[in-house]
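Novice: Quick check, what structure comes out for this input:
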Amino acid sequence: LYGFKIHPLAYQIQQQSAATFKAPLRTLYNNGKR
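Specialist: Purely as a prediction, here's the structure:
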């Protein structure tokens with residue numbers, strides 16, 4: 001696999017950015033559902 005060495009770090013960053021992106025989005029979604 002090409003770029004396997006950099007993948008764990010990229011995956012970690014992706015997970016962190018996904019978490020920070022989904023949290024406010026989930027709050028907006030829950031508020032809009034009420």
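Novice: show me where pLDDT drops low in the chain?
Specialist: Filtered on pLDDT under 70, the chain yields the residue ranges 1-6, 34.
Novice: any idea where the helices of this protein begin and end?
Specialist: 7-33 (DSSP state H).
Novice: Tell me which residue is most central in it.
Specialist: Ala18 (0.8 Å; Cα atoms, centre = their mean).
Novice: Show the contacting residues for it.
Specialist: Contacts for Ala18 (Cβ atoms under 8 Å, 6 or more residues apart in numbering) come out as none. No exception for glycine: its C-beta is placed from N, CA and C like everyone else's.
Novice: Leu25 versus that one, what's the distance?
Specialist: Plainly put, Ala18 is 10 Å away from Leu25 if you go by Cβ to Cβ, to the nearest Å.
Novice: With Ile13 instead?
Specialist: 18 Å.
Novice: which ones are touching Tyr11?
Specialist: Counting by Cβ under 8 Å, 6+ apart, Tyr11 has no contacts.
Novice: Can you give me the distance of it to Ser17?
Specialist: 11 Å.
Novice: Check Pro8 too.
Specialist: From Pro8 to Ser17 the distance is 15 Å (Cβ to Cβ).
Novice: How about Thr27?
Specialist: 17 Å.
Novice: again, but for Lys33
Specialist: 25 Å.
Novice: With neighbour numbers in mind, choose between those two.
Specialist: Ser17 (10 against 6; other Cβ atoms under 10 Å).
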